[in-house]
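>>> Got a predicted structure here, sequence first:
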Amino acid sequence: MADWVWAETTVSPRSGPAIRGDVTSISRTEVVLTGRTNKKEYRIPANQIDRIRWESEPAQVSQNRIEERNGQFDKAIEGYQAALKEAANENLRTDLEFDIARASASKALKDEDRYDDAIDRLEKFHTAHPTNFRYYEALRLLAQLYMSKGDVEKGNGALRATDDAPWTDFKMETDILKAKVALAHDDLGGALKALEGVIAVTPATPAERSRRYEALVTKASCLQKQTKYQQATDVLSGILEEASDEDTKTLADACVRLGDCYQAGGRTKEAILAYLRVDILFPKEKKQHAEALYYLSRLFAQDGKPDKAAEAAARLQERYPKSSWTARLTSAAPK
């Protein structure tokens, strides 16, 4: 454990400068701070909070959060649990409980054997802390886990519990989740219906803009499954023209789905070019990059370029050894 701690609470919003002060109140929808020097009151909406460093929080917890963002879930959880044992600040203790539950959920979404443990932690958290600013986020994660597990009824129940959340971007996110679950069950009509309201939003914030793009990418996936390839590529091409160069996740998502559409339509060379855009322009978007390398390894082989296929496969295995795309590659390899 680190031998120094934060002297006052620091809230880092998703955009804008960090805010420091003393916590005066916490609710489902906001955290309120009062500056120690200027005595100014700051009200930070819960959906805009990226992270909080609590007063008396050990510095090591920041490193644990970096580990979690990097996918080192076991290491992060171990660090959170060690900090929880020593934490005296009640707000810090509550947030560490959520950190453990969130990291457990992220781990479970990569390893279905972990669903029950993560669900149990999130159920306990939202029940024990109904007025915490992490409440709605916990319910969203809970819904995602239930639906990934195939328990749509409980997933929808968790989503219904978020109906009173006051933020447009959060409501957009829950509708997209409903659409993705419907898509996974080949309920294309239900998926498209869930996306209608999201796509109709005129974005007023960067978060709302990102959610709308995500909805459009999901719509394109629905159109592809309906074999409406031209309509799907038109949607994706529009995103690639419209999205900011800084929104690399959106651009990478659109490129991957564009490659999928070209593949499904038998347009191998165009699919290769779409996946290559991810490889060349967006290699830091790890999830999309791994998927693109997987398909490049297959499509280059189909296109009569075995050396390039082998190179793409080797880079996938080297850079993303634990990716599901690497597992798929190795399971399909000749024995």
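Thanks, I have the structure now.

>>> So in the chain, which strand runs the longest?
Longest strand in the chain, counting residues (DSSP state E): strand 19-26.

>>> Moving C-terminal from that strand, which element do we reach first?
Counting by DSSP states H and E, the element after strand 19-26 in chain order, helix or strand, is strand 30-34.

>>> Mind exporting the C-alpha coordinates of that following strand to PDB?
Taking Å, rounded to 0.1, in the frame of the first residue of the first chain, the C-alpha atoms of strand 30-34 are listed here in PDB:
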ATOM      1  CA  GLU A  30     -25.000  14.200  -8.500                       C
ATOM      2  CA  VAL A  31     -22.000  14.700  -6.200                       C
ATOM      3  CA  VAL A  32     -21.800  18.200  -4.500                       C
ATOM      4  CA  LEU A  33     -18.400  19.600  -3.500                       C
ATOM      5  CA  THR A  34     -17.500  22.800  -1.700                       C
END
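
>>> any residues touching it, and which ones?
9, 11, 19-26, 40-46, 49, 52, 133 (CB atoms under 8 Å, 6 or more residues apart in numbering). The way it works is simple: take the backbone N, C-alpha and C, and place the C-beta from them, glycine included.

>>> Filter the residues you listed down to the buried ones.
9, 11, 19-21, 23, 26, 42, 44, 46, 49, 52, 133 (16 or more other CB atoms under 10 Å).

>>> which among the residues you listed gets closest to Lys269?
Nearest to Lys269, judged by CB to CB, of the buried ones among the contacts of strand 30-34 is Ile49 at 45.5 Å.

>>> how near is that closest one to Glu55?
Look at Ile49 and Glu55: by CB to CB, to the nearest Å, they are 16 Å apart.

>>> Kindly report the same for Ala215.
39 Å.

>>> Who has more neighbours out of the two?
Using other CB atoms under 10 Å as the criterion, Ala215 and Glu55 rank with Ala215 on top: 23 against 18.

>>> Contact partners for that one?
Listed by CB under 8 Å, 6+ apart, the contact set of Ala215 reads Met172, Asp175, Ile176, Ala179, Leu195, Val198, Ile199.

>>> from those, which single one is nearest Glu291?
Nearest to Glu291 among those: Ile176, at 18.7 Å, using CB to CB.

>>> The closest one: which element?
Short version, using DSSP H and E: Ile176 is in helix 168-184.
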